[in-house]
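# dropping a prediction and its sequence here:
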Amino acid sequence: MSQRGFTLVELIVVGTLGGVLLIAAALLLHPKDYSPERRDAERRLGVAVLMQAVSNYVADKGALPEHMPAKEQIIGSEEDMYDLCKVLVPHYLDHVPIDPIAGAEVSDENCAEADAVYDSGYTIQRHGDREITIAGSVAEREGRISLTHSFKF
C-alpha cells in the first residue's frame, strides 16, 4: 500500500518560501514614502542658504539688514512679513528659497521686482544686535528646522 502526500519537511519548506515571497511582494508593492524626509531636507537647505546669504551681506556691509524683526516674522512680500528679497537678491541670492509646502510664489516675476508677491514659508528673528534665527515654519519628520548665528562685526 503506497501513501500519497507531502512530508512535514516539504510542507514547512514550501510554507517558508511562500511567506518570504509574500513579504518581498508587500515591500515591493508598498515601498516607504520618503517624501517627508525629502521636503525636510529641502527645508534644511533653504534655511542654510538664507543664513549664508545673510552672512555674506553682513561680511560686506558690516551690519545686519535694516529693520530685521525682533519678533519672529515670515520672510515674504506681504504686509506683516519681512521682505528679505529686496536686500539679498540678486547680489547674495538668485532667488529666495520657498518652503515645499508652507511657501508660495504668487507672481512669476523675480521677487526683487516691484510688484512681485511671495511667501517663503521661512521665518526670521533678530536677537539683540548680533544674532539671528532663521527657521522653517513647519517640519514633517523632525523637530523644528532652524539655524541661529551670532555675527561679529
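Received it, and whenever you're ready, just let me know what you need.
# can you name the next helix or strand after the worst-scoring helix or strand of the chain on mean pLDDT?
In the chain, no helix or strand scores lower on mean pLDDT, DSSP states H and E than strand 104-105, which sits at a mean of 74. Downstream of strand 104-105, the first helix or strand assigned by DSSP states H and E is strand 118-127.
# partners of that next one in the sheet?
Within its sheet, strand 118-127 is paired with strand 73-76 (antiparallel), strand 104-105 (antiparallel), strand 131-136 (antiparallel), according to DSSP bridges.
# rewinding a little: show me the contact partners of the least confident helix or strand of the chain.
Applying C-beta atoms under 8 Å, 6 or more residues apart in numbering, the contact partners of strand 104-105 are I98, C111, V117, Y118, D119, G121. In this view, the C-beta of every residue, glycine as well, is placed from N, C-alpha and C.
# switch the cut-off to 7 Å
Under the criterion C-beta atoms under 7 Å, 6 or more residues apart in numbering, residues I98, Y118, D119 lie in contact with strand 104-105.
# in a markdown table, list those along with pLDDT and neighbour count.
As requested, these are exported to a markdown table (pLDDT from 0 to 100; neighbours: other C-beta atoms under 10 Å):
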| residue | pLDDT | neighbour count |
| --- | --- | --- |
| I98 | 91 | 20 |
| Y118 | 90 | 23 |
| D119 | 91 | 20 |
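# quick one: distance of the least confident helix or strand of the chain to the chain centre.
Here the centre of strand 104-105 is set off from its chain's centre by 15 Å, with C-alpha atoms, centre = their mean, to the nearest Å.
# lowest average pLDDT across the strands paired with strand 118-127?
Among the strands paired with strand 118-127, strand 104-105 carries the lowest mean pLDDT, at a mean of 74.
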